[in-house]
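S.K.: sharing a model that was predicted from the sequence below.
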2 protein chains.
Amino acid sequence: MRDAYHEELDSIGDSLVEMARLVGSAIGRATTAMLDADLKLAESVIAADEKVDDLQRDLETRAIQLLARQQPVATDLRIVVTSLRMSADLERSGDLAQHVAKVARLRFPESPVPRDLQATLLEMGQLAQRLMAKAAEVIITKDIDLAMQLEQDDDAMDLLHRTLFQHLMDDRWKHGIETAVDVTLLGRYYERFADHAVSVARRVVYLVTGDYADEIDPAVAAAADKDGTAPVEGR
Amino acid sequence: MRDAYHEELDSIGDSLVEMARLVGSAIGRATTAMLDADLKLAESVIAADEKVDDLQRDLETRAIQLLARQQPVATDLRIVVTSLRMSADLERSGDLAQHVAKVARLRFPESPVPRDLQATLLEMGQLAQRLMAKAAEVIITKDIDLAMQLEQDDDAMDLLHRTLFQHLMDDRWKHGIETAVDVTLLGRYYERFADHAVSVARRVVYLVTGDYADEIDPAVAAAADKDGTAPVEGR
């Protein structure tokens, strides 16, 4: 019985990784659709989000069944509850990738992004995709050092977001209001996507160290076991 | 022991209602701070969000302790898990109220909202506050009909959001890019705030009817017991 239990726990972890991979791919493809004004690609990203939603619903059902049947305590209980929250982060990330694709679809056959901002938005899109790939790896490896890298990547995203705003606020802005609105929302979607990836990594750190910090504290990370062993009890 | 258990379950519900009341008040005060360019009020909204965050952390700790100690099954288990998710919605709503206040602070001593949009944003702010008040009432009463009202209110919010966009896209827009960016983000914050209030109501419907619909289905609502009795089992 305990074996079936740990199998089910592992399969919940697998679903989280699968979700992270799907939404990481979605943000990459949404970025391409946005920059290249590729309607088909945008449509495929929009349609694919259903898979992520299905995975989340399925994960939620299995997690609740696991709680009901196996009644885990201590660390195992925290893993299940935290998995539920991570799945919510990942589901929301999928929505945000879908939002990017919807802006691309709305402005087809033009790109919503003017040429002089394409490089910045490409960088935001690539960074978002990398953040999610790292979040997936953090779920798998429980590597606290890698989780800390996500904080730095998120700072880089904030910097790109500020660059975008500087362009918008520049008196020489010549792309009009519609584009300003699109770029404002797109910037927000990437920033929020990054926040959710960071949130996933922080929740893994919480599981490993028992310390839920608003930011991952380097001291806490240094003190944590590198192999990701969770303390027996925690809060 | 069972009595202590139900007391604790009730106290989790009380915390959710308290959170909803705090964030409902926060969005109302943030709206006033934004329209009146009231820096002190904006600061107080920004500072008050910590209380909401504390409540959520505390609720989460108590919910996990409850799961560990009492190992609820069936409906009780669903209540605890759903409460965790509702608390996440409410915590995020608090962040959004704080975001509105931060825009107000950023543009002080001006209001970020031009005069011809003040009425629309006032309406969005009031609607957001009403939505959250209703969400709190739905948590208390488990009234499915009231939960359905939130769907309609959310449609009204979407309509206001579209009105805002029509203003932005109008060729006669004369408020410049900075204001367009502010108004775009403010509109988004209110829309998301409303989404979270609706999400809270939907989760209550899920608890009562066992049916997790993306939209609350009138047929499901009609079939559900008016007194909010949950089915013994469900999925």
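M.R.: Structure's in. What do you need? Numbers count the residues shown, from 1 in each chain, chains lettered A, B, ... in the order given.
S.K.: give me every residue in chain A lying close to chain B.
M.R.: A:57, A:61, A:63-64, A:67-68, A:71, A:73-74, A:77-78, A:81, A:84-85, A:88, A:165, A:168-169, A:173, A:177-178, A:180-181, A:184-185, A:188, A:212, A:235 (C-beta under 8 Å from any C-beta of the partner chain). For glycine as for every other residue, the C-beta is placed from the backbone atoms N, C-alpha and C.
S.K.: let's see it at 6 Å
M.R.: A:64, A:67-68, A:71, A:73, A:77, A:81, A:168-169, A:173, A:177-178, A:180-181, A:184 (C-beta under 6 Å from any C-beta of the partner chain).
S.K.: just the residues you listed: which has the poorest pLDDT?
M.R.: pLDDT is lowest at residue A:73 among the residues of chain A next to chain B; the value there is 87.
S.K.: that residue - nearest residue in space that isn't next to it in sequence?
M.R.: For residue A:73, ignoring the flanking residues on the chain, the nearest one in space by C-beta to C-beta, 6 or more residues apart in numbering or on different chains is residue B:68 at 4.7 Å.
S.K.: hmm, that neighbour is touching residue A:74, no?
M.R.: No - the pair residue B:68 / residue A:74 is not scored as a contact, 7.0 Å apart, by C-beta atoms under 6 Å.
S.K.: now do the shared contacts for these two.
M.R.: Shared contacts of residue B:68 and residue A:74 (C-beta atoms under 6 Å, 6 or more residues apart in numbering or on different chains): none.
S.K.: now do the buried residues in stretch A:14-30.
M.R.: By 16 or more other C-beta atoms under 10 Å in any protein chain shown, the buried positions in stretch A:14-30 come out as A:15-16, A:18-20, A:22-30.
S.K.: now those as TSV including pLDDT and distance to residue A:146?
M.R.: Formatted as TSV, those follow (pLDDT from 0 to 100; distance: C-beta to C-beta, whole Å):
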residue	pLDDT	distance to residue A:146
A:15	98	20
A:16	98	16
A:18	98	19
A:19	98	18
A:20	98	13
A:22	98	20
A:23	98	18
A:24	98	15
A:25	98	20
A:26	98	22
A:27	98	19
A:28	98	20
A:29	98	24
A:30	98	24
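S.K.: what about residue A:129, which SS state?
M.R.: Classification of residue A:129 using DSSP: H, G, I helix; E, B strand; the rest coil returns helix.
S.K.: what about it, distance to chain B?
M.R.: 23 Å (C-beta to the nearest C-beta, to the nearest Å).
S.K.: residues near residue A:44, how many?
M.R.: 15 (other C-beta atoms under 10 Å in any protein chain shown).
S.K.: for it, which non-adjacent residue is closest in space?
M.R.: For residue A:44, the spatially nearest residue (C-beta to C-beta, 6+ apart) is residue A:29, at 7.1 Å.
S.K.: on that earlier part again, switch the buried residues of stretch A:14-30 over to TSV; also include secondary structure.
M.R.: Putting the buried residues of stretch A:14-30 into TSV (three-state DSSP) gives the following:
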residue	secondary structure
A:15	helix
A:16	helix
A:18	helix
A:19	helix
A:20	helix
A:22	helix
A:23	helix
A:24	helix
A:25	helix
A:26	helix
A:27	helix
A:28	helix
A:29	helix
A:30	helix
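S.K.: can you list the neighbours in contact with stretch A:153-166?
M.R.: A:120, A:123, A:124, A:127, A:131, A:187, A:191, A:194, A:198.
S.K.: could you rerun that using 10 Å?
M.R.: A:117, A:119-121, A:123-125, A:127-128, A:130-131, A:134-135, A:183-184, A:186-188, A:190-191, A:193-195, A:197-199, A:201, A:215, B:178, B:181 (C-beta atoms under 10 Å, 6 or more residues apart in numbering or on different chains).
S.K.: in space, what's closest to the residue of chain A found nearest chain B - neighbours in sequence excluded?
M.R.: Nearest residue of chain A to chain B: residue A:71, at 4.1 Å (C-beta to the nearest C-beta). Closest residue to residue A:71 apart from its sequence neighbours, by C-beta to C-beta, 6+ apart: residue B:71 at 4.1 Å.
S.K.: likewise residue A:113?
M.R.: Closest to residue A:113 by C-beta to C-beta, 6+ apart is residue A:121, at 5.1 Å.
S.K.: likewise residue A:134?
M.R.: residue A:150 (5.6 Å).
S.K.: hmm, residue A:136 and the one you found touching each other?
M.R.: No - counting by C-beta atoms under 10 Å, residue A:150 stays clear of residue A:136, with 11.1 Å between them.
S.K.: what touches both of the two?
M.R.: With C-beta under 10 Å, 6+ apart applied, the overlap between the contact sets of residue A:150 and residue A:136 consists of A:197, A:200, A:201.
S.K.: the one residue sitting closest to the centre of chain A: what secondary structure?
M.R.: With distances taken as C-alpha atoms, centre = their mean, residue A:197 lies nearest the centre of chain A, 3.2 Å away. For residue A:197, the assignment made with three-state DSSP gives helix.
S.K.: report the contact partners of it.
M.R.: Each residue near residue A:197 by C-beta under 10 Å, 6+ apart is listed here: A:20, A:23-24, A:27, A:89-90, A:93, A:127-136, A:138, A:150, A:153-154, A:157.
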